[in-house]
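Asker: Pasted the sequence and its predicted model underneath.
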Amino acid sequence: MATTQIIASLIKLFLMIIPGFVLSKAHIIDEHQSKGISSIIINLTWPCLIVMSLQRAFSKELCINMGILAIIMVSDIIIAFALAKCISKGLKLEKSLTYLMTFMLMFGNTGFMGIPVCNVLYGGEGTFYAALIDCIQDAFIFTAGLIMIEKSTGKHIGLSIKHFMTPGFASIVIGLGLFLGGITLPAVVAGPLQTIGAATSPLAMLVVGYQLGQVRFREMFSDVRLYILSAAKIIVVPLIFMLVLMLVFPEMNILTKVLIVEMATPIAACTTIYTQQYDGNVEFATKGVMLSTVLSIATLSAFAVIVELI
């Protein structure tokens with residue numbers, strides 16, 4: 001895709017944030033309504049988008065790429081973990097905040113933001129890979145991630161199969177089942193699913209806009225620790241993997257582009273949800289998510305353009 005098309009697509013996507021921001025500031029949308037929209041995305045539009053993105057003809061190449069994705073995502077978790085430890089030692093953070101920062105560095109907003117962005121930039125194939133990346137990350141969130149949350153809050157959460165029982169995870173299982181089985185949904189079913197799934201991007205950006213409208217920017221921009229954390233998550237980590245992928249692959253393809261874009265996504269929105277649910281440092285988590293999201297509008301766009309120029 002040409003650089004100008006990338007920039008135009010990103011501008012169109014991020015302009016969708018403005019209505020949510022305005023509606024938030026004008027108090028036309030409240031938190032209850034925002035949660036309702038988020039629930040629609042998580043439980044309906046996003047699963048439909050994932051199922052349809054996995055509606056692709058089975059091929060050996062795609063299976064190989066799925067393995068590559070798994071290896072790289074495991075590497076990402078390890079590098080983010082090591083980076084968090086270095087930053088925590090440098091900033092001399094208390095143990096609870098160290099574990100929280102580790103969670104924030106390990107997991108990006110690959111679903112809520114990454115999938116819509118990849119859908120806009122790279123179409124069906126890009127969304128296919130983005131959905132797989134999000135699936136792999138979810139598996140780590142519900143295991144290693146919850147352990148980090150346990151350590152940061154001092155509470156015993158306990159790992160359970162019910163943590164995986166979500167519409168998003170179910171849609172990935174269904175979508176992969178259809179893909180591996182070579183099953184194509186009939187048009188009468190695929191059409192509505194496609195239309196509903198297409199609502200994910202505008203609704204997701206609307207919610208991001210609302211959340212930004214609720215943030216006290218003066219407080220968010222005054223914590224140096226959050227700048228360091230955000231820079232590590234949306235600049236250092238994707239930069240490391242971009243350099244590695246450049247060495248491994250002779251040229252950038254959709255797989256590598258999606259990987260870099262997903263690596264450059266801001267801190268996962270679920271960070272706030274988990275810290276709130278288990279009485280952790282909600283203020284730090286929320287500010288980190290919001291600051292990284294604001295800054296990622298520029299950095300994510302930059303990485304999307306850079307991979308086209310390489």
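Answerer: Sure thing, it's come through.

Asker: List the contacts of stretch 278-293.
Answerer: Contact with stretch 278-293 is made by 96-97, 100-101, 104, 109, 113, 149-150, 152-153, 155, 157, 208, 211-212, 215, 219-221, 223, 226-227, 229-230, 233-234, 266-269, 271-272, 274-276, as judged by C-beta atoms under 8 Å, 6 or more residues apart in numbering. For glycine as for every other residue, the C-beta is placed from the backbone atoms N, C-alpha and C.

Asker: Check the residues you listed for burial and list the buried ones.
Answerer: Neighbour counting by 16 or more other C-beta atoms under 10 Å classes 97, 100-101, 104, 109, 113, 149-150, 152-153, 208, 211-212, 215, 220, 226, 229-230, 233-234, 266-269, 271-272, 274-275 among the contacts of stretch 278-293 as buried.

Asker: Got phi/psi on Leu108?
Answerer: For the record, residue 108 is Gly, not Leu. Main-chain dihedrals, Gly108, degrees, to the nearest 10: phi -100, psi 170.

Asker: quick one: contacts for it?
Answerer: Taking C-beta under 8 Å, 6+ apart as the criterion, Gly108 is in contact with Gly114, Gln137, Lys233, Glu262, Met263, Ala264, Thr265, Pro266, Ile267, Ala268.

Asker: Return the closest of these with respect to Ala302.
Answerer: Proximity of the contacts of Gly108 to Ala302 was ranked by C-beta to C-beta; the top entry is Ala264 with 8.3 Å.

Asker: ok, that closest one - contacts?
Answerer: Per C-beta under 8 Å, 6+ apart, neighbours of Ala264: Gly108, Ile234, Ile235, Val237, Pro238, Ser296, Thr299, Leu300, Phe303, Ala304.

Asker: Out of the contacts of stretch 278-293, list just those in strands.
Answerer: Within those, no residue falls in strands by DSSP state E.

Asker: Among those, name the ones in helices.
Answerer: In this view, the contacts of stretch 278-293 that belong to helices under DSSP state H are 96-97, 100-101, 104, 149-150, 152-153, 208, 211-212, 219-220, 226-227, 229-230, 271-272, 274-276.

Asker: and the biggest helix by length in the chain, what other elements does it pack with?
Answerer: As assigned by DSSP H, the longest helix anywhere in the chain is helix 60-91. Contacting helix 60-91 under the criterion 3 or more C-beta pairs under 8 Å, 6 or more residues apart in numbering; DSSP states H and E are the following elements: helix 95-106, helix 115-140, helix 224-231, helix 237-248, helix 254-263.

Asker: give me that answer again for 6 Å
Answerer: With contacts defined as 3 or more C-beta pairs under 6 Å, 6 or more residues apart in numbering; DSSP states H and E, helix 60-91 has these neighbours: helix 95-106, helix 115-140.

Asker: Those: lowest mean pLDDT?
Answerer: Between those, the lowest average pLDDT goes to helix 115-140, which shows a mean of 84.

Asker: Compute the inter-axis angle for that helix and helix 270-277.
Answerer: Using axes from the mean of the first three to the mean of the last three C-alpha atoms, to 10 degrees, the inter-axis angle of helix 115-140 relative to helix 270-277 is 50 degrees.

Asker: buried stuff in stretch 292-299?
Answerer: Ser292, Thr293, Val294, Leu295, Ser296, Ile297, Thr299.

Asker: could I get these as JSON lines with pLDDT and secondary structure?
Answerer: Compiled in JSON lines, these are given as follows (pLDDT from 0 to 100; DSSP: H, G, I helix; E, B strand; the rest coil):
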{"residue": "Ser292", "pLDDT": "89", "secondary structure": "helix"}
{"residue": "Thr293", "pLDDT": "84", "secondary structure": "helix"}
{"residue": "Val294", "pLDDT": "83", "secondary structure": "helix"}
{"residue": "Leu295", "pLDDT": "89", "secondary structure": "helix"}
{"residue": "Ser296", "pLDDT": "87", "secondary structure": "helix"}
{"residue": "Ile297", "pLDDT": "84", "secondary structure": "helix"}
{"residue": "Thr299", "pLDDT": "92", "secondary structure": "helix"}
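
Asker: and which of the residues you listed is nearest to Pro192?
Answerer: Of the buried residues of stretch 292-299, the one sitting nearest to Pro192 (C-beta to C-beta) turns out to be Thr293, at 30.9 Å.

Asker: Tabulate the contacts of Ala264 (JSON lines), appending distance to Pro250.
Answerer: Putting the contacts of Ala264 into JSON lines (distance: C-beta to C-beta, whole Å) gives the following:
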{"residue": "Gly108", "distance to Pro250": "26"}
{"residue": "Ile234", "distance to Pro250": "27"}
{"residue": "Ile235", "distance to Pro250": "25"}
{"residue": "Val237", "distance to Pro250": "23"}
{"residue": "Pro238", "distance to Pro250": "20"}
{"residue": "Ser296", "distance to Pro250": "29"}
{"residue": "Thr299", "distance to Pro250": "26"}
{"residue": "Leu300", "distance to Pro250": "25"}
{"residue": "Phe303", "distance to Pro250": "20"}
{"residue": "Ala304", "distance to Pro250": "20"}
